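[1] Any chance you can model this:
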Amino acid sequence: MLYEITAVREQELKNIFQHHPPHGDQAERYGEVRRECFDLACRLETLCPPSRERSLALTSLQQTMMWANAAIAITEKPASGKV
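    A predicted model of the protein is given here:
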């Protein structure tokens, strides 16, 4: 069985899977997200013993950083309205 893709959903998918060059202050905010996550990663390294759990915490933090920056890139449109 195949499912139809509505025009609206196809547009959403195009937005998700296209390149999103930074505009406005996005590059600075990407950097801020990275710095905050880096600081927390360093703190976790000092607070948690080397372990599988610490590795998973750092992996989750890396995913958090990527998803936070994706939220900025994918959902914000340039001032011109072009995507």
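[2] longest helix of the chain?
    helix 52-75 (DSSP state H).
[3] Would you mind pulling the contact partners of that one?
    If you take C-beta atoms under 8 Å, 6 or more residues apart in numbering as the criterion, helix 52-75 is touched by 15-16, 20, 22, 26, 29-30, 33-34, 37, 40-41, 44-45, 48. For glycine as for every other residue, the C-beta is placed from the backbone atoms N, C-alpha and C.
[4] Export stretch 18-28 to CSV, keeping only CA atoms.
    Below are the C-alpha coordinates for stretch 18-28, written out as CSV (Å, rounded to 0.1, in the frame of the first residue of the first chain):
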residue,chain,number,x,y,z
GLN,A,18,16.9,21.8,1.6
HIS,A,19,20.0,23.9,2.4
HIS,A,20,19.3,26.8,4.7
PRO,A,21,22.1,29.4,4.5
PRO,A,22,22.3,31.5,7.6
HIS,A,23,20.7,35.0,7.5
GLY,A,24,20.4,37.8,10.0
ASP,A,25,21.8,36.8,13.4
GLN,A,26,21.5,33.1,12.8
ALA,A,27,25.2,32.4,12.5
GLU,A,28,25.8,34.1,15.9
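[5] how about it: buried residues?
    Across stretch 18-28, burial judged by 16 or more other C-beta atoms under 10 Å covers 20, 26.
[6] now swap in stretch 49-61 and tell me
    57-58, 61.
[7] can you redo those residues as JSON lines with distance to residue 10 and pLDDT?
    Formatted as JSON lines, the buried residues of stretch 49-61 follow (distance: C-beta to C-beta, whole Å; pLDDT from 0 to 100):
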{"residue": "57", "distance to residue 10": "37", "pLDDT": "98"}
{"residue": "58", "distance to residue 10": "36", "pLDDT": "98"}
{"residue": "61", "distance to residue 10": "33", "pLDDT": "98"}
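[8] Can I get these in CSV including distance to residue 79?
    Converted to CSV, the buried residues of stretch 49-61 look like this (distance: C-beta to C-beta, whole Å):
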residue, distance to residue 79
57, 38
58, 36
61, 32
